[in-house]
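Peer 1: Fold the following for me, if possible:
(one chain, ligands or ions: 2)
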Amino acid sequence: MRLALTRALAHPSGMDSTCSHGGDAPISEARLRASLLRAEEVATKEGEKWTPNRARVYELLLRAGGPVKAYDLMPAYSADKATKPPTVYRALEFLEGLGLAHRIPSLSAFMACNDGGPTHAASFLICTCCGSAEEITPDLAPIISRAGLRRGFEPHGATLEIRGLCQNCRD
Ligand SMILES: [Zn+2]
Ligand SMILES: [Zn+2]
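Peer 2: Ligands and ions are numbered 1, 2, ... in the order given. Okay, here's the model as predicted:
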């Protein structure tokens, strides 16, 4: 099933929407199935229900292969359902809570997490030309936690955004 969800939809405003540099290859069906299975395991381990809505939204994030705004998920989500924006938003919050997706604040976008592990501080390389984003390790959570706790602050999450040009746009 091909979805009409392209990288163009994920273009953050203010970035060059005419960028014609090559994007990433779409996720393979095998990887998609593996990621969905792993996500279900993560949810089940946390005692949460892996509902069709949650699976559907996670699948759309995986297929987008980059940052995508919740609003832009609606048309693809509703291709076979009535549009229910709150359902999509709730699913995104759920995925974020499990560390299966991250919110990228400056883009007002969400992106599937590429490791699906427990909640972690996410670091992103964000291309200012094509709007792509790539999550990178290291996980800075321990460093951020220590820095906060030293000041009596209990951190609940962090997202590091590193701006620049991706490999495709540099070439
Ligand atoms: Zn992540
Ligand atoms: Zn780029």
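Peer 1: Could you list the low-confidence segments of this structure?
Peer 2: Applying pLDDT under 70 to the chain flags residues 1-18, 22-25, 79-84, 114-119, 138-139.
Peer 1: count of neighbours near the residue of it found nearest ligand 1?
Peer 2: For the chain, the residue closest to ligand 1 is C113, as judged by CB to the ion, at 3.3 Å. For every residue, glycine as well, the C-beta is placed using N, CA and C. C113 has 24 neighbouring residues, counting by other CB atoms under 10 Å.
Peer 1: my guess is it meets H102, correct?
Peer 2: Yes. Using CB atoms under 8 Å, C113 is in contact with H102, at 5.8 Å.
Peer 1: what do the two both touch?
Peer 2: A122, E135 (CB atoms under 8 Å, 6 or more residues apart in numbering).
Peer 1: Enumerate the residues of the protein near ligand 1.
Peer 2: Neighbours of ligand 1 within the chain, by CB under 5 Å from the ion: C113, A122.
Peer 1: Could you tell me which residues of the chain lie near ligand 2?
Peer 2: Counting by CB under 5 Å from the ion, the residues of the chain close to ligand 2 are C127, C129, C130, C166, C169.
Peer 1: In strands only, show me these.
Peer 2: For the residues of the chain next to ligand 2, the ones inside strands are C127, with DSSP state E as the criterion.
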